[in-house]
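1. below: sequence and its predicted model.
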Amino acid sequence: MVDITHKISTLRVATATAIVKVSRQETVDAVVNNLVPKGNVFEMAKTAGLFAVKNTHLSIPDCHPLPIEYTAVEYNIEGLEIHIIFKVKTVYKTGVEVEAMHGASIVALTMYDMLKPIDKEIEISTIKLVNKEGGKSSFKNKFSNVIKAAVFVCSDSIFAGDKEDRSGKVIVEKLDSYGVETSHYEIIPDELDIIQEKTKAFAKDNQLVIFTGGTGLSPRDVTPEALAPLLESRIPGIEEAIRNYGQQRMPYAMLSRTVAGTLGKTVVLALPGSTNGARESMDAVFPHLLHVFHILKGKNHDSL
C-alpha cells in the first residue's frame, strides 16, 4: 500500500452513484410497494452497502483500513432506472472515493440478487464517483505571483564545516514541491544577532523566512530567543500543529521550541534542526500554511 504516514487527517467526503435498470414497470412497482418475495429491497440493499463500505480494504488490496464515520444511501427512480446515491465521510489521512464506489456497487448487486427471480433482464451500469472533498485537492492556494522563501540553517558545526547540512536541503526540496521558490539559502552560526539581522533583511523581499536548527534546549540554541522580539504576531496554531504532528511520530518532539509568527506580511518559522524534524514539520503545515498569504492581504476564509 501507499505510505500515508506523513499525511495529516482532514475531513474526507465522497459520493458515488450506480444505476440498476429493470426491464418492466411491474418490477419497479414491486420494489416501491415492498412486494418483492425476498424482502424489502431498499432496506436490504442499504444494509449490504453499509457492511461493504466498512470492509472495502478486505476486497481491494491497496485500500487502507480506515474509520467510516458517516454513510448515507439514497434512491431516485427515473422510469425503469433506480439511481443509487452513496455518500461516505471520515476524518482521516486518505480519501474515501473507492469506499463510496464499493458501497454503491454492493447496493446495486444486492438489488440485482433480490430482483432476479421476478426480472431476468436487469442491468447494472454507471458506477462512478460524482464528488470528492478533502485532502490537498480541496485546499489549493493560487497566487498571481510566486511565493519566495529564504532558508537559513542555524548550526555552529555545519557553519564550521564539521557536518553536512541535510535539514535545510529537505526544506528547500519541500518548498519546491509546493511551488515556493527558494530565493536564498545560507548556513549561519548559532548567534542571536546574526539570526535577527538575517530575519530583518530577508523579510523585506520574501514571504517566508525559515530557520532550521537552534530550537532545542542546549545553551547555544538561541533561535527562538532571537526571533521572539522581532515577531509582530505569533501564530500558535502553526506551532501546535507542528509539535502535535511530531509527537505522534517521535516522543522527543515536545522538547522542540518551534516558532511561527509574522513580521510585516512575511511569515517567519523556526523549525527543528534534525532532518526528520524538519521534514515532519514541513509535512505538518504545508501546503495549507500558504493560505495565510491570502489572509495577510485582507481576504477572509470564505471568499477564497
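-> On my side now, so go ahead. Residues are numbered from 1 along each chain as shown.

2. can I get stretch 215-231 in CSV, CA atoms only?
-> Extracted in CSV, the C-alpha atoms of stretch 215-231 (Å, rounded to 0.1, in the frame of the first residue of the first chain):
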residue,chain,number,x,y,z
THR,A,215,15.2,25.3,18.6
GLY,A,216,16.4,22.8,21.3
LEU,A,217,17.4,23.3,24.9
SER,A,218,21.2,23.5,24.7
PRO,A,219,22.9,26.8,25.7
ARG,A,220,23.7,27.5,22.0
ASP,A,221,20.1,27.0,20.9
VAL,A,222,19.0,30.7,20.6
THR,A,223,16.8,30.8,17.5
PRO,A,224,13.5,31.3,19.5
GLU,A,225,15.1,34.0,21.6
ALA,A,226,16.4,35.8,18.6
LEU,A,227,13.0,35.7,16.8
ALA,A,228,10.6,36.4,19.6
PRO,A,229,11.3,40.2,19.9
LEU,A,230,11.0,40.7,16.2
LEU,A,231,7.7,39.0,15.5
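
3. and for that stretch, what are the contacting residues?
-> Outside stretch 215-231, the residues that touch it by Cβ atoms under 8 Å, 6 or more residues apart in numbering are 154, 156, 190-193, 195-196, 199-200, 211, 213-214, 255-259, 261-263, 268, 270-273. C-beta here means a position set from N, CA and C on the backbone, and glycine is covered the same way.

4. distance from the chain centre to that stretch, please.
-> Between the centre of stretch 215-231 and the centre of its chain there are 30 Å (Cα atoms, centre = their mean, to the nearest Å).

5. the chain should start at 18 in everything you say after this.
-> All set: I'll call the first residue 18, so the last point we hit is now stretch 232-248.

6. now D46. Nearest residue, chain neighbours left out?
-> The shortest distance from D46 to any residue other than its chain neighbours is 7.4 Å, reached at L52 (Cβ to Cβ, 6 or more residues apart in numbering).

7. the one you found in helix, strand or coil?
-> Three-state call for L52 (DSSP: H, G, I helix; E, B strand; the rest coil): coil.
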